[in-house]
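# This is a predicted model, with the sequence first.
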Amino acid sequence: MLATVSSASLTGVRGHPVTVEVHVSQGLPSFTVVGLPDTSCREARDRVRAAVLSSGLEWPQTRITVNLAPSGVPKVGAGLDLAIAVGVLRAGGQLGDGDTEGFAFIGELGLDGSVRNVIGTLPLVAAARRPIVAVAPANHAEAALVPGVDVRSAPTLRAMVDALRAVEYWPQPPPAPIPPAPAPLDELAQVKGQPLARRAVEIAAAGGHHLLMVGPPGGGKSMLARSLVGLLPSLTPEEALDVMTVHSAAGLQLAPGALIERPPFRAPHHTASTVALVGGGSRALRPGEISCAHAGVLFLDELGEFPASVLDALRQPLEDGVVRIARAYGATTLPARVLLVAAMNPCPCGDAGVAGSSCRCSEGTRQRYLRRVSGPLLDRFDLRVHVDRPPASALFSSEATEPTAAVVERVAQARSIAAARGVARNADLAMSDLDTLAPLAPTARRVLEIAMDRGRLTARGVHRVRRVARTIADLAGTEGPVDECHVAGALATRIDVGTSATGLVA
């Protein structure tokens, strides 16, 4: 007898529908799973059999063949357990065809028959393409975020079978957990004595420009980075759904009941591997930190401590806004449109160029430290500023600095101007559109020509400076061509990471 049950499997951050075909025939008792299953899928034969018997149901003492269609797509994870068990029960005559009409099943089974949660429920339910989806109780709130889907859940396989037979009612879903209070954002007013760095943070938020801060410890680089996310506009519903899909596929906890509004902020440790930062893996292609920060901020503190190979893996995702991963077992594309903010010391000891301090690093040590960040990666930072330790007079001053709320208004205004051009942020302006949307005044063009003649800018750097200058003009409410003041302001926030005693060349 043949039975088919709908489910879904995960590749990267996207689910794809899977049809579980179960065939029961005469022959020696056996259980075979085919259709490119990974190890966890193949192990389903032992979990499913134990779960069915523990639930007081009958296991067919025949030859059982399970095909996971389409057979050319790899299947990863234990989320197909529940669909396989329902398929076996249908093929064995313990469930009727009408009992599962319109259903899809997503969940892992325990040996005692319990239905357990799986990673990536949100994209899996969206990919199942069925009006009713049965999941584990722990995944009910997450699955309910998918519009147009009737979500059912039961704590055990036996309870789910009784509900499908209409012997019992479907159990009530568990109460949605109370979402944790969002972490408080750092207030920009707490940063004192850093006018240029504060200005760079505002420009980065308004135009979506990548920002690098270089300076000794204690200058406020981390505080500036954490305060930046509070300047960004709230996520649109489409962005929020994309972010929650990525977080679900990565196994991160989602706030129940509603789409998130705040852009994500991710700050991986400098010991993170290439796979942890960019994503990938051998068979289960999981999203990395850059994808988890999609539509938000990726903060790399202690940039000089990251391995050079890990940092260079970011170059293509920063340029394209996606991560394309190809393995012998499969391929996927992960979203990675982030605002990259990085902070680093001028040398390993951090005291190079600090007044009153003596750097303990040799010239060769400083050179090796700075070379960890390659030139092509540095060229992708639109903004590069030096953040020195603030003077004591600034720290103990009673003069109030501009709060986050005031900066948010200017950022929102600049973003609305960019939206009128057809882009979400000026960093997304195409090179071919710069002459139309960011035209240069003759004096501004001359400033850029001088910078190029001195070897300070590459061709890519010129385009990035023009985008930053356009953002500066938008923040000032200036329409028309970009003038020399805007270009000079963009160049002032673009220091060169070089090889001087401080590691910086203006």
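Here it is on my side, so go on.

# can you list the weak-confidence ranges in this protein?
Along the chain, the model assigns pLDDT under 70 to residues 179-180, 257, 353, 355-356, 497-506.

# which other residues reach whichever strand in it runs longest?
Criterion DSSP state E: the longest strand present in the chain is strand 14-25. Contact with strand 14-25 is made by 1-9, 60, 62-70, 73, 75, 80, 83-84, 87-88, 90-92, 120, 123-129, 245, 249, 332, as judged by C-beta atoms under 8 Å, 6 or more residues apart in numbering. Placement of C-beta: from N, CA and C, glycine included.

# Next step: these restricted to strands.
Among the contacts of strand 14-25, the members found in strands (DSSP E) are 2-9, 63-69, 332.

# from these, which would you call buried?
Among those, those scoring as buried are 3-9, 64-68, 332 (criterion: 16 or more other C-beta atoms under 10 Å).

# Report the two of the residues you listed separated the most.
The span of these, defined through C-beta to C-beta, is set by I64 and T332 at 31.2 Å.

# quick revisit: may I see the buried ones among the ones in strands among the contacts of strand 14-25 arranged in TSV, with distance to Y169 as well?
Output for those, formatted as TSV (distance: C-beta to C-beta, whole Å):
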residue	distance to Y169
A3	24
T4	26
V5	22
S6	23
S7	24
A8	26
S9	30
I64	30
T65	34
V66	30
N67	33
L68	31
T332	40
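
# circling back: between strand 63-69 and the longest strand of the chain, find me the angle.
Here strand 14-25 runs at an angle of 160 degrees relative to strand 63-69 (axes from the mean of the first three to the mean of the last three C-alpha atoms, to 10 degrees).

# buried set for strand 14-25?
For strand 14-25, the neighbour count (16+ other C-beta under 10 Å) marks 14-24 as buried.

# partner strands of that strand, parallel or antiparallel?
Next to strand 14-25 in the sheet, as set by DSSP bridges, lie strand 2-11 (antiparallel), strand 63-69 (antiparallel).

# Mind checking those for the one nearest to T274?
Comparing those by C-beta to C-beta, strand 2-11 comes nearest, at 19.6 Å.

# The closest one: how far from the chain's middle?
27 Å (C-alpha atoms, centre = their mean, to the nearest Å).

# Equivalent analysis for stretch 203-221, please.
20 Å.

# ok, and for it, which residues are buried?
203-216, 219-221.

# So which of these belong to helices?
Among the buried residues of stretch 203-221, the ones falling in helices (DSSP state H) are 203-207, 221.

# Grab the most central residue of this structure for me.
Of all residues in the chain, the one closest to the mean position by C-alpha atoms, centre = their mean is C292, 1.9 Å from it.

# Would you confirm that that residue contacts G251?
No. With contact defined as C-beta atoms under 8 Å, C292 does not reach G251; the gap is 10.1 Å.

# Report whether A444 is found in a strand, as I expect.
No. Membership of A444 in a strand is not supported by DSSP: H, G, I helix; E, B strand; the rest coil, which gives helix.

# of the buried ones among the ones in strands among the contacts of strand 14-25, closest to E363?
E363 lies nearest to T332 out of these, by C-beta to C-beta, at 44.7 Å.

# Now do E168: how many residues are near it, please.
For E168, the count of nearby residues is 14 (other C-beta atoms under 10 Å).

# Which residue, other than its chain neighbours, is closest to it?
Closest residue to E168 apart from its sequence neighbours, by C-beta to C-beta, 6 or more residues apart in numbering: D162 at 4.2 Å.

# Helix or strand next in line after the longest strand of the chain, which one?
Toward the C-terminal end, the helix or strand that comes next after strand 14-25 (DSSP states H and E) is strand 30-34.

# Just the buried positions in that following strand, please.
31, 33.

# Over to stretch 186-204?
Those would be 186, 188-189, 191-194, 197-204, for stretch 186-204 by 16+ other C-beta under 10 Å.

# Tell me how this structure divides into domains.
With domains defined by automatic domain parsing, the chain comprises 2-164, 188-505.

# chain center to the shortest one, what's the gap?
The reference is to domain 2-164. 29 Å.

# Between its first and last residues, what's the separation in that domain?
Length of domain 2-164, first residue to last, C-alpha to C-alpha, to the nearest Å: 19 Å.

# ok so, going back, in strands, which of the buried residues of stretch 186-204 fall?
Using DSSP E, no member of the buried residues of stretch 186-204 sits in strands.

# Closest to M344 out of the residues you listed?
Among those, A197 lies closest to M344 (C-beta to C-beta), at 13.7 Å.

# Contact partners for the residue nearest to the closest one when sequence neighbours are not counted?
Once flanking residues are discounted, A197 sits nearest to V387: 4.8 Å by C-beta to C-beta, 6+ apart. Residues in contact with V387 (C-beta under 8 Å, 6+ apart) are 194, 197, 213-215, 219-221, 224, 343.

# Output the ones in helices among the buried residues of stretch 203-221 in CSV, with distance to D312 appended to each entry.
CSV is the format used below for these (distance: C-beta to C-beta, whole Å):
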residue, distance to D312
I203, 26
A204, 22
A205, 26
A206, 28
G207, 25
K221, 22
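
# L157: which of those is nearest?
Using C-beta to C-beta, A205 is the member of these that lies nearest L157, at 50.0 Å.

# Name the nearest residue to that closest one, sequence neighbours excluded.
Leaving aside its chain neighbours, A205 sits nearest to L231 (3.8 Å; criterion: C-beta to C-beta, 6+ apart).

# what number of residues lie near that neighbour?
Around L231 there are 22 residues (other C-beta under 10 Å).

# wait, what's in contact with it?
Here L231 is in contact with 188, 201-202, 205-206, 404, 407-408, 411 (C-beta under 8 Å, 6+ apart).

# Repeat that for H386.
Residues near H386 by C-beta under 8 Å, 6+ apart: 196, 213-215, 495, 504.

# Can you list phi and psi of it for me?
H386 has phi and psi values of phi -90, psi 130 when expressed as degrees, to the nearest 10.

# next one: V52
Dihedral pair for V52: phi -60, psi -50, per degrees, to the nearest 10.

# Check the gap between it and R90 for me.
12 Å (C-beta to C-beta, to the nearest Å).

# Distance-wise, check I450 relative to A488.
Separation of I450 from A488 (C-beta to C-beta): 11 Å.

# Of those two, which one has the most company?
Just comparing I450 and A488: by other C-beta under 10 Å the higher neighbour count belongs to A488, 15 against 12.

# Could I get the full set of helices for the stretch 151-300 of the chain?
Using DSSP state H, counting those that start in this stretch, the helices of the stretch 151-300 of the chain run over 157-164, 195-207, 221-228, 237-250, 274-278, 289-292.

# Which other helices and strands does the second one contact?
So the one you mean is helix 195-207. On a contact count with 3 or more C-beta pairs under 8 Å, 6 or more residues apart in numbering; DSSP states H and E, helix 195-207 meets strand 211-214, helix 221-228, strand 339-344, strand 383-386, helix 404-420, helix 459-475.

# list the buried ones in the fourth one?
Meaning strand 383-386. Going by neighbour count (16+ other C-beta under 10 Å), the buried part of strand 383-386 is 383-386.

# returning to that earlier point: between the strands paired with strand 14-25, which one is nearest to A166?
Nearest of the strands paired with strand 14-25 to A166, taken as C-beta to C-beta: strand 2-11 at 18.0 Å.

# Next, the angle from the closest one to helix 237-250.
Using the same axes, to 10 degrees: strand 2-11 against helix 237-250 is 100 degrees.

# wait, which of the ones in helices among the buried residues of stretch 203-221 is closest to I325?
Closest to I325, out of all of these and judged by C-beta to C-beta, is A204, at 27.7 Å.

# contacting residues for the closest residue to that closest one other than its chain neighbours?
Spatial nearest neighbour of A204, excluding adjacent residues (C-beta to C-beta, 6+ apart): L211 at 4.3 Å. Neighbouring residues of L211 by C-beta under 8 Å, 6+ apart: 200-201, 204, 225, 228, 339-342, 381-385.
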